[in-house]
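**Q** sequence plus predicted model, see below.
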Amino acid sequence: MTVTTARAPLPTSVALDVDGDVRDAERLGHLAAHENVSFDARRGRRNLWMVASLDGRDVAALRIGHGGDELTTPVGRTDTTDGAVFEFASALGALRAKVTFPADGRALVRCTTSLLPAHDVPIPFWPRDLFALGAPAGTVHTAQRGLRSGVVFASTDDPAPCTLFYFQSFSSLTDYFEATKRSPSDTVGGRWPELGYAPPAGDGCVLPKSREVAISDAYLTVTGAVPKGNGEVAAAYLDLLAETYVCLPRPPVAYHDWRDRAARTEGHAAFAIRGGQTVEIAWGSPSRATGSGVEIGGIARGRETRS
């Protein structure tokens, strides 16, 4: 598990801008509370935020809507049985952010944001979406490496104990990656206090107009405990990951008729090269099928293959 402690000598311009944007933001109402953690929505100058507070103190801001420029239109809110949906127009297009709380009794929030571009939108840069608030220093215990799960796990005890567990569901973002021809590799991480997911961007990265795509599907857990030592860090990571995993949408159960599929392969053959030989795998006919399935015959022709 990678452990990185980050204390910036001075706050970055991005962190200062976020801090001011959240502090001066218009409050759009309370969303939910679990024990000593509460969540509310706020409209900043350019972004829509979901802010988590611990014992009444703002500890994290999750960007759930990035307009690309000043927000000049109203933000609509529709309450649902498990959260709320926010909609607003921006310079990039129409944005929709759905906020839900999928885990009963835990401070875990899911924020799914989609964009319907008004025109072909070049994406030269996209900022990270999670910011720790009011904490000058923190420890990033682990973050995504390569194409592994989009996780960042961090904590601080300055000025008070707080742990953040962030998970980005890449499965929900397939259309974005296909449209932009980009990979989610190394997109979740960051340096304290700038954390979370930065959608892949750069030259030639364009979202086509008139096609709604999910640009983020983030899960965030906030707790007031900080693990100490490698053992506690590893245990906390596995617990928080498991609690998030059970909240992920699961594909419906589907029936596969394997006997029918096997029967439809009659007359076909597959070839594999092993140990310098060409091996032919031949499927038997239904008349030769055994009780446990269709008979498979393998014939090693003994012909060497050279590249």
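**A** Done, it's in.
**Q** quick one, phi psi at the nearest residue to residue 92 once chain neighbours are set aside?
**A** Leaving aside its sequence neighbours, residue 92 sits nearest to residue 68 (CB to CB, 6 or more residues apart in numbering; 4.5 Å). Every residue, glycine included, has its C-beta placed from N, CA and C. Note on residue 68: its backbone torsions stand at phi 80, psi -10 [degrees, to the nearest 10].
**Q** burial of residue 68, as a residue count?
**A** Counted by other CB atoms under 10 Å, the residues lying close to residue 68 total 17.
**Q** when you give positions from now on, start the count at 5
**A** Done: numbering now begins at 5, and the last item shifts to residue 72.
**Q** just the helices in the stretch 105-254 of the chain please.
**A** 178-184, 233-249 (DSSP state H, counting those that start in this stretch).
**Q** can you redo those helices as JSON lines with distance to residue 77 and mean neighbour count?
**A** Shown next, in JSON lines, are the helices of the stretch 105-254 of the chain (distance: least, CB to CB, whole Å; neighbours: other CB atoms under 10 Å):
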{"stretch": "helix 178-184", "distance to residue 77": "23", "mean neighbour count": "16"}
{"stretch": "helix 233-249", "distance to residue 77": "33", "mean neighbour count": "15"}
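**Q** distance to residue 161 for the ones you listed - can I get that in a markdown table?
**A** Listed next are the helices of the stretch 105-254 of the chain as a markdown table, based on distance: least, CB to CB, whole Å:
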| stretch | distance to residue 161 |
| --- | --- |
| helix 178-184 | 36 |
| helix 233-249 | 13 |
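**Q** need these in TSV (columns: distance to residue 133 and mean pLDDT).
**A** Shown next, in TSV, are the helices of the stretch 105-254 of the chain (distance: least, CB to CB, whole Å; pLDDT from 0 to 100):
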stretch	distance to residue 133	mean pLDDT
helix 178-184	14	95
helix 233-249	16	96
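**Q** average model confidence for stretch 118-128?
**A** The pLDDT scores in stretch 118-128 average 93.
**Q** span of that stretch from start to end?
**A** This stretch, stretch 118-128, spans 18 Å end to end (CA to CA, to the nearest Å).
**Q** cool, stretch 116-126 as well?
**A** Termini of stretch 116-126 sit 21 Å apart (CA to CA).
**Q** where does the stretch 55-204 of the chain dip in pLDDT?
**A** Within the stretch 55-204 of the chain, no range satisfies pLDDT under 70.
**Q** quick revisit: out of the helices of the stretch 105-254 of the chain, which gets nearest to residue 80?
**A** Comparison of the helices of the stretch 105-254 of the chain against residue 80 by CB to CB identifies helix 178-184 as nearest, at 23.4 Å.
**Q** residue contacts, residue 207?
**A** By CB atoms under 8 Å, 6 or more residues apart in numbering, the residues touching residue 207 are residue 128.
**Q** same question for residue 82.
**A** By CB under 8 Å, 6+ apart, the contact list for residue 82 reads 88, 89, 90, 91.
**Q** the second one contacts residue 104, doesn't it?
**A** Looking back up the chat, that one is residue 89. No. Using CB atoms under 8 Å, residue 89 is not in contact with residue 104; the gap is 9.3 Å.
**Q** of these two, who's got more company?
**A** Remark: of residue 89 and residue 104, residue 104 carries more neighbours, 20 against 15, as counted by other CB under 10 Å.
**Q** before we move on, back to that, out of the contacts of residue 82, which is nearest to residue 135?
**A** residue 90 (18.6 Å).
**Q** tally of neighbours for that closest one?
**A** Applying other CB under 10 Å, we find 22 residues neighbouring residue 90.
**Q** hey, C-alpha coordinates of the helix or strand harbouring it in CSV?
**A** Secondary structure from DSSP states H and E places residue 90 in strand 87-93. Extracted as CSV, the C-alpha positions of strand 87-93 are listed here (Å, rounded to 0.1, in the frame of the first residue of the first chain):
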residue,chain,number,x,y,z
GLY,A,87,-31.4,12.0,-2.5
ALA,A,88,-31.7,14.7,-5.0
VAL,A,89,-31.1,15.6,-8.7
PHE,A,90,-29.6,18.9,-9.7
GLU,A,91,-29.8,20.3,-13.2
PHE,A,92,-28.3,23.5,-14.8
ALA,A,93,-27.0,24.9,-18.0
